[in-house]
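Peer 1: Here's my sequence, what's the structure:
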Amino acid sequence: PVSEMKEVIAQGVTQVGENRVQEMEEKYEFLSQEPITWNLQGHLQKNKVKKAVAMADLIQSGDSISILQEIDKRAGQIGKVQDVLLEFNIEPDAFEEAVEAAKALPNIRVCGLMCMAPEFGDLEKTRPVFREGHELYKKLQKKFPEGQIHILSMGMSHDFEIAIEEGANMVRIGTAIFGARVYR
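Peer 2: Here you go, the predicted structure:
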């Protein structure tokens, strides 16, 4: 809820995120005067891109060339260069193609990589996924100007410690702060 978000912002949280554009939209208006950076980290559908670009400072779910192209189009319409993270879930063969496509889009700035590990019963099984994400992040850094690729978003409330050990510099820990979400 907005009241709880205001509370953590007052405690110094500067990055907030939503998984769904509709939820971001509900809160954005009430928190627009707060000194925060808005992250959209959930899967983004083409019909939601216009609203996402209008609100999000960082879209963490650049998971396909078609979504990247739509983000570029919508950002261009409002004179914005949209910061995005490429999502690691892109198939390895398609990843190189997505990198090249993103480099050619003038209204997108790729800032890094987002990795979602599968849910395993044994948390240690996430380690190789995060390790592979870190290796891909290092490769991504070589494909863009120095300093542009600076975010490796890996790990959530249940596995962030392992993600940090494997190189994450951004974690998504909403459940640890606010408790489990109840979706309508």
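
Peer 1: isn't Pro35 right next to Gly12, touching?
Peer 2: No: with contacts counted by C-beta atoms under 8 Å, Pro35 stays clear of Gly12, the gap being 10.1 Å. Where you see a C-beta, it was placed from the backbone N, CA and C, and this is true even at glycine.

Peer 1: Please go through the protein and pick out the longest strand.
Peer 2: With secondary structure taken from DSSP state E, the chain has its longest strand at strand 108-115.

Peer 1: could I have the helix or strand following that strand exported to CSV, CA atoms only?
Peer 2: Using DSSP states H and E, the helix or strand that follows strand 108-115 in sequence is helix 127-143. Once side chains and other backbone atoms are set aside, the C-alpha atoms of helix 127-143 remain, and they are given as CSV (Å, rounded to 0.1, in the frame of the first residue of the first chain):
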residue,chain,number,x,y,z
ARG,A,127,23.9,-20.2,-7.7
PRO,A,128,24.9,-21.5,-11.2
VAL,A,129,22.0,-19.4,-12.7
PHE,A,130,23.3,-16.3,-11.0
ARG,A,131,26.9,-17.1,-11.9
GLU,A,132,25.9,-17.4,-15.5
GLY,A,133,24.0,-14.1,-15.2
HIS,A,134,27.1,-12.4,-13.9
GLU,A,135,29.2,-13.8,-16.8
LEU,A,136,26.6,-12.5,-19.3
TYR,A,137,26.7,-9.2,-17.5
LYS,A,138,30.5,-9.0,-18.0
LYS,A,139,30.1,-9.8,-21.7
LEU,A,140,27.4,-7.2,-22.0
GLN,A,141,29.7,-4.5,-20.5
LYS,A,142,32.1,-5.1,-23.4
LYS,A,143,29.4,-4.5,-26.0
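
Peer 1: what's the spacing between helix 127-143 and its chain's center?
Peer 2: 15 Å (C-alpha atoms, centre = their mean, to the nearest Å).
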